[in-house]
Structures are given as C-alpha cells and as structure tokens.
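**Student:** I'll drop the sequence and a predicted model, then ask my questions.
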Amino acid sequence: MRLKSTLFSLLISVCFLLAPAVGRAAGTGQAAVSISVEIKGQTKIVSGATVTLMDREIDLDAVDLIARQKSGYRNGSGKSAPDPTECNYWRSRFNYLVKYIEDSRRNGVSEIKHGVATKRTDGSGNVIFRYLQPGTYYLGAYRKMGQAGAIWSVPIQVSPDKTTEVELNNANVFELYYPGK
C-alpha cells in the first residue's frame, strides 16, 4: 500500500511539473524557414546557414557607421557615400551585419539581448522555430561561402496555433557580398 501511495505521489508531482510546459505550448506559433539561391539559372539549397530570430530589426545606421569607420571613410573626406566598387566598405559592412546577427544572442556583448533563438539550416536548407509567442519577429540569416556571402533580414508575423512559412531567396536577399563583382 505504501508503494502505491509513493508511486501515486510521484505521478502527481510529475504531472504538476509538466503542466506549465504544456500550458506554454498552447497558443504559440512556429516559423518554418527555407533558404535557397539562384546562381547562373540553377537553384541551390543553402544548408548550414545561421538563422537568428530577433525581436527587433537590425540597426542599419550603426552598421553603416561602423562599416564607414572600418573602411576609412570620414565625414570630412568630401565623400557623402562610399563608392559602390570600394571593396573595403562592402566587406566591412557585410562582416558587421554578420557580427550584429551573431551578437544578438551573446551574453555581455549586447547590453540588451534581442536574439530569441538561433539555429542552422539542415541539409535541405530548412529550419523550424517552435513555441513562439505571437507577434512580430525579424529573421537575420547569413551564409558565408568562401569569400562570398549573403545576408537576409526579413520581418515575420507569428500567429497563435499557426505555422508562418518563410522563403529566403534571391528576391528578398538583404545584402550580397561577392568580391570583384
């Protein structure tokens, strides 16, 4: 009898421990992301891309300011904008965009962490973020491919009990860095 009582108490305890997790899942949504690029008329799946879900968008003014500083552009230089062929500026901009996405989840790097979750795409170029509270999020994704790279920054709306499907491709790429092109 004592064994039954102990088992019953243990079962009740486990139920109470699991109840909050079940409650959190109700009313949440998910985001299913797939990434592909078209190169020379062929669609290529982008596996191994880093995808970060953020609760605010990328601060492009800060990105541009740091890229100008790193590449040697000064306010008094007479140049109001970087030359599109200036490789240093674009390389600095690309690298800082990647750093911004990566740092959004790191402790002690950003005063306020704004990265909600980070995952890598699988071999099919897909990733799923589950149990998201409804609201607006920003997907920051990047993939370095040798010296080249691509970055996406896309707002998404997550609804309760629904899957938000997002396709990242050439049509919505935020920035593409390909030296010499």
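**Tutor:** Perfect, thanks for sending it.
**Student:** averaged pLDDT, stretch 128-147. What do you get?
**Tutor:** Averaged across stretch 128-147, pLDDT comes to 90.
**Student:** stretch 46-58 too?
**Tutor:** pLDDT averaged over stretch 46-58 gives 89.
**Student:** show me where this protein has its helices.
**Tutor:** Secondary structure of the chain (DSSP state H): helices located at 2-25, 60-71, 87-103.
**Student:** give me phi/psi at Ile58?
**Tutor:** phi -70, psi 140 (degrees, to the nearest 10).
**Student:** how about the nearest residue to it, chain neighbours excluded?
**Tutor:** Ser153 (5.2 Å; C-beta to C-beta, 6 or more residues apart in numbering). (C-beta placed from N, C-alpha, C; glycine too.)
**Student:** how close does Leu60 get to Gly48?
**Tutor:** Distance of Leu60 to Gly48, computed by C-beta to C-beta, to the nearest Å: 26 Å.
**Student:** my error: substitute Ala31 in the last question.
**Tutor:** Distance of Ala31 to Gly48, computed by C-beta to C-beta: 19 Å.
**Student:** what do you get for Tyr89?
**Tutor:** 27 Å.
**Student:** neighbour count: the two, which is higher?
**Tutor:** Neighbours per residue (other C-beta atoms under 10 Å) separate Tyr89 from Gly48, with Tyr89 holding more: 21 against 13.
**Student:** the spatially most central residue of the chain: what's it in contact with?
**Tutor:** Compute the mean C-alpha point of the chain, and by C-alpha atoms, centre = their mean the closest residue is Thr52, 2.1 Å away. Neighbouring residues of Thr52 by C-beta atoms under 8 Å, 6 or more residues apart in numbering: 101-102, 104-105, 115-118, 139-141.
**Student:** just the ones of the residues you listed in strands?
**Tutor:** 115-118, 139-141 (DSSP state E).
**Student:** beta partners of the residue nearest to the centre of the chain?
**Tutor:** Beta bridges link Thr52 to Thr118, Gly140, judged by DSSP bridges.
**Student:** then Lys44?
**Tutor:** For Lys44, the beta-bridge partners under DSSP bridges are Val37.
**Student:** just checking, it touches Arg143?
**Tutor:** No: the criterion here is C-beta atoms under 8 Å, and Lys44 misses it with Arg143 at 10.5 Å.
**Student:** those two: which has the busier surroundings?
**Tutor:** Using other C-beta under 10 Å, the more surrounded residue of Lys44 and Arg143 is Arg143, with 22 against 13.
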